[in-house]
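Asker: Got a predicted structure plus its sequence, pasted below:
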Amino acid sequence: MGFEKITLEHKRQVLEELADVKALFASRNWFPGTSGNLSMRVGDFDPEQFYFAVTASGKDKSLRTPEDFLFVDKQGKAIETTNLKPSAETLIHCEIYRLTGCGAVFHVHTVYNNLISEFFGADGQVPIQGIELIKAFNIWEENAEIRVPILPNFADIPSIAELVLDVLDAKVPGILLRNHGIYAWGKDAFEAKRHLEAFEFLFEVMYRQLLLKGATS
Ligand SMILES: CSC[C@@H](O)[C@@H](O)C(=O)COP(=O)(O)O
Ligand SMILES: [Zn+2]
């Protein structure tokens, strides 16, 4: 389906939902120093052709303005004529959509995701086991274990994007960038938000567990 075939109403709905998520995450201080980026797909998914709305680069994400988002294609190129620049990390969003067919991708920098990504950075993954909130990823078995992949934080974004395929785990809707932040996704904004909140909760628990263990050993 071409971009022009997607209804204006659907595009407006997506922009409104993204703006609401952005405001909520900003209220949690999840976009310090203009960091972070959000996107939501519009129209049907076809790996050969898809479109999404993404945050414009370098904006203060705690503000709501008419210049917060633009629409891009599967290569991350703006579809309409605009002065806005798509997020510097748009290519990572493109790759996540292409490989998973998901509907929304959220990226935030938080203290806990940074600390945990560095602590487990050399292992290339964060092992998390037996914590109830793993169920937020639709994993219901008792004492389940997941491993959240960690990619190196290269300055060259295409070099990060090309590693996504290697580390993608169908059960785990998230990837950490070392000393940088997390990408979490879902079939829609509701699910991507649930996943992101679960990751952040789990990282905080892990961090505090590590401190407690250090204090008692
Ligand atoms: C201001 S530091 C953060 C950026 O380098 C980047 O990691 C980020 O998340 C935001 O970039 P942006 O281009 O605004 O989407
Ligand atoms: Zn970032």
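Answerer: Received it, and whenever you're ready, just let me know what you need. Since this is a predicted model, take the numbers as computed values, not measurements. Residues are numbered from 1 along each chain as shown. Ligands and ions are numbered 1, 2, ... in the order given.

Asker: all contacts plus neighbour counts: C-alpha atoms, from now on.
Answerer: OK.

Asker: Distance of Leu99 relative to Phe201?
Answerer: Plainly put, Leu99 is 26 Å away from Phe201 if you go by Cα to Cα, to the nearest Å.

Asker: Between these two, which has more neighbouring residues?
Answerer: Neighbour totals were compared for Leu99 and Phe201, and Phe201 leads with 16 against 13 (other Cα atoms under 10 Å).

Asker: Which residue is the nearest non-sequential neighbour of the more buried one?
Answerer: Spatial nearest neighbour of Phe201, excluding adjacent residues (Cα to Cα, 6 or more residues apart in numbering): Leu133 at 7.9 Å.

Asker: In contact with that neighbour, which residues?
Answerer: With Cα atoms under 8 Å, 6 or more residues apart in numbering as the criterion, the residues that contact Leu133 are 198, 201-202.

Asker: all strands for this protein, in order.
Answerer: With DSSP state E as the definition, the chain shows strands at residue ranges 37-42, 51-55, 69-73, 104-108, 125-129, 145-151, 174-177, 181-186.

Asker: and the helix or strand bottoming out on mean pLDDT in the chain with strand 145-151, angle?
Answerer: For the chain, counting by mean pLDDT, DSSP states H and E, helix 189-216 ranks last in confidence among helices and strands (a mean of 96). Using axes from the mean of the first three to the mean of the last three Cα atoms, to 10 degrees, the interaxial angle of helix 189-216 with respect to strand 145-151 works out to 100 degrees.

Asker: Identify each buried residue in helix 189-216, please.
Answerer: Neighbour-count burial for helix 189-216 flags 189, 191-193, 195-204, 206-207 (criterion: 16 or more other Cα atoms under 10 Å).

Asker: Keep only these that also lie close to ligand 1.
Answerer: When Cα under 6 Å from any ligand atom is taken as the criterion, no member of these contacts ligand 1.

Asker: which non-adjacent residue is nearest Asp73?
Answerer: In this structure, Asp73 finds its nearest non-sequential neighbour in Tyr51, 4.5 Å apart by Cα to Cα, 6+ apart.

Asker: Just to check, that neighbour is in contact with Gln75?
Answerer: No - the pair Tyr51 and Gln75 does not pass the contact test of Cα atoms under 8 Å, sitting 9.1 Å apart.

Asker: More neighbours: which of those two?
Answerer: Neighbours per residue, other Cα under 10 Å: of Tyr51 and Gln75, the larger number sits with Tyr51, 27 against 15.

Asker: Name the surrounding residues that touch stretch 173-180.
Answerer: Outside stretch 173-180, the residues within contact range by Cα under 8 Å, 6+ apart are 109, 113-115, 117-118, 121, 137, 148-153, 168, 182-186, 195-196, 199.

Asker: Weed out the non-buried ones from those.
Answerer: 109, 113-115, 117-118, 121, 137, 148-152, 168, 182-186, 195-196, 199.

Asker: Near ligand 1, which residues of the chain are found?
Answerer: Within the chain, the residues that sit near ligand 1 (Cα under 6 Å from any ligand atom) are 33-37, 57-59, 87-89.

Asker: quick one, what contacts Gly43?
Answerer: Remark: with contacts taken as Cα under 8 Å, 6+ apart, Gly43 is in contact with 1, 3, 6, 50-51.

Asker: and with 10 Å instead?
Answerer: Gly43 makes contacts with 1-3, 5-7, 10-11, 50-52, 103, as judged by Cα atoms under 10 Å, 6 or more residues apart in numbering.
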